[in-house]
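Enquirer: The sequence and its predicted three-dimensional model are supplied below.
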Amino acid sequence: MSTKIQQATATLALAAVSGLAMGQSGLDLDRAYASELRSDAQTRSSLLGSNNGANLNIEVMTQFRYTFNSRDEFAPGALGDSDTTMGFSTPRSQIRMSGAVEGTDISGAVIFDFGAAENGTAAGSANLLVAQGAWGLDDNWTLLFGQWHNPVLGSERFAAEHTLAADKSFTNEFFQVGYTQGVAVAYGADNFKFVGAISDGAEYITNYGTVSNSPFNSAGEADIGITGRFDFLVEGTWDQFADATSWRGSNYGLKIGAGAHWQTQGDSNPADNSGGAIAGYDDTTVTFWTVDAQVEGDGWNVFAEYVGHKVEVSATTDVEYTNHGFIAQGGYFFNDQWEGFARYDVIMLDDVLVAAGTDDNFQSVTVGANYYFVPESHAAKFTIDATFTLDESTNIDAIMGGAGSNDPSATGLLGLSDSEFAIRGQMTLVF
């Protein structure tokens, strides 16, 4: 198997899936190429073994976090002592393995996570995030199969260690499609990348999250989900957009992307009538769309994203609603190791989901800083940030199925409040 074919296989495979984050030694050996792979799929691994396909690559990523949360109660005394919550956690601890099948153009990756910030898994238990294969058909086309991270949402494509803040935004968590199972094809060229996938979709009613490693007859799965994502490199190189940051000395670059996802469930798989935002539903159809742009320069970066989805539910009384969201963030290096950042995000809810006399938007602002122990490396990073919500959580609590259902391990926000703020300190290691 030629090196050229191997590289094409990995590059295009990673354009559609979440993958491994290659260790710092690999980054030093081939930084430019590895960075391009990271930009394609929140990853820093080539998904390949040695040239003869016999090598297995193993990497560990772990995050250790302290969170302090304070909430302004709806009514005095409503939360009692629970209006202030604090403590330590390990939101993510991942084991990432990758390799290639000897004598073929097929490579693969498996990722387990032991934290609580991905897919709502119970803390400490092993949760299968990725079990995916990539078959390089030629220098441009790749066939993908298995379980991976749906590639549609731009802000969700950054690996956990490649974000600016300690974690992704509340808006990202609300809209993201997450991990799913299916098949896909990916195409890659010098300034254009595309991926199209058919999958089991995401769970949008009772969980507002993801269904990973589930059986084919799971009630939470869609009958079918269809995803498409385009990325166009206007200026610069793909490796500039591997992460959410931009090192000092980087050249100017601009990338724009767009994606869409459609799914329907309830016509063949058993329907889940357990409740959530809408009880007793028979089936649901979701249409999802997004556009984003990422700009980077000499020690500074800006990312902006619009996302929306339309949900049509057949229940005792049919319900239809459309929600919109927006994320804007930017960062700036004060020197080679200290980076400051700020982020604003908002969820704009359909009137159907808004209780009388309550806020129809849910906004938050995050500010903070990163310290990189090794310049131009994510292998060891300390992050401190503070998130402030600007609106009451009444409607978000109801939609997500109850306070805290948004996965506070990721967002740091607990709900049941007129407003709240969370301070997080986090150490990230990749080895």
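Expert: Thanks, I have it. Everything quoted here is computed from the prediction, not taken from an experiment.
Enquirer: Count the neighbours of the residue nearest to Ile384 when sequence neighbours are not counted for me.
Expert: Spatial nearest neighbour of Ile384, chain neighbours left out: Gly425 (4.9 Å); criterion: C-beta to C-beta, 6 or more residues apart in numbering. Any C-beta I mention is one placed from the backbone N, CA and C, and that applies to glycine too. By the measure other C-beta atoms under 10 Å, the count of residues near Gly425 is 16.
Enquirer: quick check, Ala356 in a helix?
Expert: No: Ala356: not assigned to a helix; according to DSSP: H, G, I helix; E, B strand; the rest coil it is coil.
Enquirer: Next one: it relative to Asn395, how far apart?
Expert: Ala356 sits 11 Å away from Asn395, going by C-beta to C-beta, to the nearest Å.
Enquirer: For those two, indicate the residue with more neighbours.
Expert: Asn395 (21 against 4).
Enquirer: ok, now which ones touch that one?
Expert: 349, 353-355, 358-360, 362 (C-beta atoms under 8 Å, 6 or more residues apart in numbering).
Enquirer: need those in TSV with pLDDT, distance to Ser268 and neighbour count, can you?
Expert: TSV is the format used below for these (pLDDT from 0 to 100; distance: C-beta to C-beta, whole Å; neighbours: other C-beta atoms under 10 Å):
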residue	pLDDT	distance to Ser268	neighbour count
Leu349	96	30	21
Leu353	92	28	18
Val354	94	33	17
Ala355	91	34	11
Thr358	92	37	13
Asp359	91	38	17
Asp360	94	35	14
Phe362	96	34	26
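Enquirer: of all the residues you listed, which two lie farthest apart?
Expert: In the contacts of Asn395, the most distant members under the criterion C-beta to C-beta are Ala355 and Phe362, with 12.8 Å between them.
Enquirer: check contacts around Thr290.
Expert: Per C-beta under 8 Å, 6+ apart, neighbours of Thr290: 152-154, 175, 258-260, 305-308.
Enquirer: Switch those over to a markdown table; also include distance to Ala126, pLDDT and neighbour count.
Expert: Listed next are the contacts of Thr290 as a markdown table, based on distance: C-beta to C-beta, whole Å; pLDDT from 0 to 100; neighbours: other C-beta atoms under 10 Å:
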| residue | distance to Ala126 | pLDDT | neighbour count |
| --- | --- | --- | --- |
| Val152 | 26 | 94 | 27 |
| Leu153 | 25 | 94 | 25 |
| Gly154 | 29 | 95 | 27 |
| Phe175 | 27 | 92 | 26 |
| Ala258 | 35 | 98 | 17 |
| Gly259 | 30 | 98 | 23 |
| Ala260 | 33 | 98 | 15 |
| Glu305 | 31 | 98 | 24 |
| Tyr306 | 36 | 98 | 16 |
| Val307 | 31 | 98 | 26 |
| Gly308 | 35 | 97 | 16 |
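Enquirer: These in helices, which ones?
Expert: Among the contacts of Thr290, the members found in helices (DSSP state H) are Phe175.
Enquirer: Let me know the closest of the contacts of Thr290 to Ala379.
Expert: Nearest to Ala379 among those is Gly154, at 24.2 Å by C-beta to C-beta.
Enquirer: how close does that closest one get to Gly124?
Expert: With distances taken as C-beta to C-beta, Gly154 is found 31 Å from Gly124.
Enquirer: Repeat that for Ile423.
Expert: Going from Ile423 to Gly124 by C-beta to C-beta gives 24 Å.
Enquirer: More neighbours: which of those two?
Expert: Applying other C-beta under 10 Å to Ile423 and Gly124 shows that Ile423 carries more neighbours, namely 17 against 10.
Enquirer: where does the residue nearest to Ile384 land in three-state SS?
Expert: Under three-state DSSP, Gly425 comes out as strand.
Enquirer: For Phe241, what are phi and psi?
Expert: phi -110, psi 20 (degrees, to the nearest 10).
Enquirer: Which residues belonging to the helix or strand where Gln263 lies are considered buried?
Expert: Assessed by DSSP states H and E, Gln263 sits inside strand 253-265. Applying a neighbour-count criterion of 16 or more other C-beta atoms under 10 Å, one finds 253-255, 257-259, 261-265 buried in strand 253-265.
Enquirer: I'm done for today, thanks for sticking with me.
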